[in-house]
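> curious how this folds, go ahead:
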Amino acid sequence: MIRILLTCICCSLLLNACKNATAHSDEKKQLTEALYKCLPCGYDCDTILFRKPGNCPHCKMELVKKESITHQDIQPAEICGLSGQEVLYLDVRTPEEFNGTAAEKFGAIKDAINIPVQELEKE
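Coordinates of the predicted model:
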């Protein structure tokens, strides 16, 4: 009787160990899968992660690999402190946003040059 009980306990432990190994493998696979984000648009969707490429369902911007987005936010006061130096301001919004003809008005940066981000991606 004890022998049967010990055999059942050993089998139970072995099955549980196999189950945990499979679960750990699935977790590891999820961590190594590429994650995607929309190109920064300034909306809350900039922080949402997606598992597949495509377009953001909120802002319709292209979803790109998270690692490929390397930018730093700069505060308006920092920009103002740069004026007078040899600085080139590049505004990467659409022509409509840049010219103020888009539905939403975002303002403008004096003396900025407009090259839409979609054009930069073609290069």
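> report the contact partners of the residue positioned nearest the centre of the chain.
Nearest to the mean C-alpha position of the chain, counting by C-alpha atoms, centre = their mean, stands Lys37 at 2.7 Å. Counting by C-beta atoms under 8 Å, 6 or more residues apart in numbering, Lys37 touches 46-50, 63-64, 66, 69. C-beta: built from backbone N, CA, C; applies to glycine.
> would you list the buried entries among those?
46, 50, 63 (16 or more other C-beta atoms under 10 Å).
> one step back: am I right that the residue nearest to the centre of the chain falls within a strand?
Yes: counting by DSSP: H, G, I helix; E, B strand; the rest coil, Lys37 is found in a strand.
> across the sheet, point out what pairs with it.
Val64 (DSSP bridges).
> which secondary structure element of the chain has the lowest mean pLDDT?
Least confident helix or strand, the chain: helix 2-32 with a mean of 60, by mean pLDDT, DSSP states H and E.
> from the buried ones among the contacts of Lys37, which is closest to Tyr89?
Asp46 (21.2 Å; C-beta to C-beta).
> count the residues that sit near the nearest residue to that closest one once chain neighbours are set aside.
Leaving aside its sequence neighbours, Asp46 sits nearest to Pro40 (C-beta to C-beta, 6 or more residues apart in numbering; 5.2 Å). Using other C-beta atoms under 10 Å, Pro40 has 16 neighbouring residues.
> wait, Pro40 sits on Ser68?
No: here Pro40 does not reach Ser68: they are 11.5 Å apart, not a contact under C-beta atoms under 8 Å.
> re earlier: of the buried ones among the contacts of Lys37, the lowest pLDDT goes to which?
Minimum pLDDT across the buried ones among the contacts of Lys37 is recorded for Asp46, with 87.
> which ones are touching that one?
37-38, 40.
> pretty sure it sits in a helix.
Yes: if the criterion is three-state DSSP, then Asp46 is within a helix.
> how far away is it from Lys110?
To Lys110, Asp46 is 25 Å away according to C-beta to C-beta, to the nearest Å.
> secondary structure element for Arg93, which one?
Secondary structure from DSSP states H and E places Arg93 outside every helix and strand.
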